[in-house]
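Student: need coordinates for the below:
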Amino acid sequence: MVEMVLPNDTNQLGNLLGGRLMHWIDLAAAMAATRHSNHVCVTAAVDGISFLQPIRLGELVVLKASVNRVFNTSMEIGVKVYSENSLSGERSHSNSAFLTFVSIDNERKPVQSVPVVPDSPEEIRRYEQALFRREQRLKHREEAKRLWAEGSNKEG
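Tutor: Here you go, the predicted model:
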């Protein structure tokens, strides 16, 4: 997916707004998930987004999304973001993100998705690392539930 940074997309410094980039990342990931599963896919989690360097007004934003691994009804999508000078063609890695999407059917119920079969060394690396990230995600989720329950009990 490619976007151009226009004045309405920037902050006071002429840099792309983080929220606008997050929106584009979510769209790119949703398209990758939907194309892979042939189902509507919804965002279930965003692990985090690393802002490595600013993207400036007038630059192109190139988003490359890949389905790293499928876990029954959920899948991890990795999105790598590049800023590109449209005149020189110079490109640099600006951001990265990992998102979890869930495939749903017409009744909005989760459905099993097509597995990923990694071929290249890069695909195999992303596939294996996705399992580690999923385990961390699930631990974090359980801890957040526990803390939320503790906090709710104290307020009541």
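
Student: so for the chain, which residue is the most central one in space?
Tutor: The structure's the chain has its C-alpha centroid closest to Leu99; by CA atoms, centre = their mean the separation is 3.6 Å.

Student: that one touches Gly48, doesn't it?
Tutor: No - judged on CB atoms under 8 Å, Leu99 makes no contact with Gly48 at a distance of 9.7 Å. In short, each C-beta sits where N, CA and C put it, glycine included.

Student: what's the offset of the worst-scoring helix or strand of the chain on mean pLDDT from the middle of its chain?
Tutor: Least confident element among the helices and strands of the chain, by mean pLDDT, DSSP states H and E: helix 121-155 (a mean of 89). Centroid separation between helix 121-155 and its chain, computed with CA atoms, centre = their mean, to the nearest Å, is 15 Å.

Student: can you give me phi and psi for Val67?
Tutor: Dihedral angles of Val67 (phi, psi; degrees, to the nearest 10) stand at phi -80, psi 110.

Student: mind checking how far it is from Ser74?
Tutor: Noted for Val67: a distance of 11 Å to Ser74, by CB to CB, to the nearest Å.

Student: who has more neighbours out of the two?
Tutor: Val67 (24 against 19; other CB atoms under 10 Å).

Student: residues contacting the more buried one?
Tutor: Shown in contact with Val67 (CB atoms under 8 Å, 6 or more residues apart in numbering): 32-33, 36, 75-77, 116.

Student: name the SS class of the nearest residue to it once chain neighbours are set aside, please.
Tutor: Closest residue to Val67 in three dimensions, ignoring its sequence neighbours and counting by CB to CB, 6 or more residues apart in numbering: His36, at 4.6 Å. Secondary structure, DSSP: H, G, I helix; E, B strand; the rest coil: His36 is helix.
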